[in-house]
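Visitor: model this:
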Amino acid sequence: MIDGEVLVAGLGSIGERHVRNLLALGQRDVTVLRREAKPPRTLSGAEFRTVTGVDEGFERHPAAVIVATPTALHTELLARAVEDGVPTLVEVPLAHTLDGLEQIAERARERGVPVLMGHNLRFHPALRAVREAVLRGDVGDVLYSQAQFGEYLPDAHTWEDYRGRYEARADLGGGVILTSIHEIDHACWLFGPVATVTCVARRRALDGDVEDTAMMVLEHESGVLSQITLDFVQRPYRRWLQVVGSEGTIEWELRGDRVRRFTAAAGEWEDALVLDDYDVGETYLDELRHFARVVRGEEEPVADLASGLHVLAVGLAARRSSAEGASVPIRLTAPDMSRGAKGGNR
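Guide: Next up is the predicted model:
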């Protein structure tokens, strides 16, 4: 796996998942950084060591760091990892503010420190199949897309009160736009950087001080329009994507195990990819395998810090758009999003 110690910062549900997956993949030297040394919920504490201070964790000179703390704590940990020259995987969202991040990104470039964003859906074979079809031009020039993610937050972790979780707390960087930012990321991955954002975000049903529902339209530099709906109120859980082009349509339903395509040439729906009981947990394992190769210098991050900065800027612009009742331009320098799809007329 990774030659040396892996420091995992945070042991909530995603932190425990990363530790469990590291051990499953053969990583035996794992240290967890957390605020207090209390028993984990789903793991045996005997399988890793625990430290409770940032200095204590980094003084162990880890070979890699995984940042899986509440969002509001990401920037401090990322800055320390970059300054110490340690390859880092940062869970998403990257942060809850852009403050200091451009300087950290510049420092990472200067020092040659790779940073991988934790967008596990980029490793999902169905989403990859959609992207390959889009880039091949299977449906012609892309005109627009629609994406939706929704879940009922109180039922997501039945063992704890959702009102104490970071997703529902502004002070920890919560809110549906940032904590469900994968749809913004894959819109950028599919169609390239975003030029402007228009959004309405509201707290519709849940207790808390953050938005639980958001509807936004992204206009990409390519001319593609992406409509994205995110919420913490929907039952049942749903994650869905549709791409409409000049010559057809592609659709993917996460829990449907298939990608289907309609083209003008065929004149009917056909399966572009059918998965046999695919477990989305495999995306996290593939993400860690990729991270290990990044640490070893064998691959470049599939979702790097520059793309993470752009995606975060889009999410923050969506919040600003809702607050101001106006479209908001993205002024952060757009990264190379690896050949986003060509769009139709603007």
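
Visitor: contacts, neighbours, all on C-alpha from now
Guide: Fine.

Visitor: the stretch 101-250 of the chain: helices as residue ranges?
Guide: Using DSSP state H, counting those that start in this stretch, the helices of the stretch 101-250 of the chain run over residues 101-111, 125-136, 153-156, 176-179, 182-191.

Visitor: for stretch 217-226, measure first residue to last.
Guide: From its first residue to its last, stretch 217-226 covers 6 Å (C-alpha to C-alpha, to the nearest Å).

Visitor: state the mean pLDDT of that stretch.
Guide: The average pLDDT for stretch 217-226 rounds to 98.

Visitor: can you point out the buried residues in that stretch?
Guide: Along stretch 217-226, the positions that meet the burial threshold by neighbour count (16 or more other C-alpha atoms under 10 Å) are Val217, Leu218, Glu219, His220, Glu221, Ser222, Gly223, Val224, Leu225, Ser226.

Visitor: kindly reformat the residues you listed as JSON lines containing distance to Trp252.
Guide: What follows is those, written out as JSON lines (distance: C-alpha to C-alpha, whole Å):
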{"residue": "Val217", "distance to Trp252": "19"}
{"residue": "Leu218", "distance to Trp252": "19"}
{"residue": "Glu219", "distance to Trp252": "21"}
{"residue": "His220", "distance to Trp252": "21"}
{"residue": "Glu221", "distance to Trp252": "24"}
{"residue": "Ser222", "distance to Trp252": "22"}
{"residue": "Gly223", "distance to Trp252": "22"}
{"residue": "Val224", "distance to Trp252": "18"}
{"residue": "Leu225", "distance to Trp252": "18"}
{"residue": "Ser226", "distance to Trp252": "15"}
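
Visitor: closest to Val134 out of those residues?
Guide: Of all the buried residues of stretch 217-226, Val224 has the smallest distance to Val134: 12.0 Å, by C-alpha to C-alpha.

Visitor: what packs against the helix or strand hosting Thr283?
Guide: Assigning secondary structure by DSSP states H and E places Thr283 in helix 281-295. Using 3 or more C-alpha pairs under 8 Å, 6 or more residues apart in numbering; DSSP states H and E as the contact definition, the elements that helix 281-295 packs against are helix 13-24.

Visitor: report the buried residues of stretch 240-258.
Guide: Buried positions in stretch 240-258, judged by neighbour count with 16+ other C-alpha under 10 Å: 240-254, 257-258.

Visitor: next: stretch 225-236.
Guide: Going by neighbour count (16+ other C-alpha under 10 Å), the buried part of stretch 225-236 is Leu225, Ser226, Gln227, Ile228, Thr229, Leu230, Asp231, Phe232, Val233.
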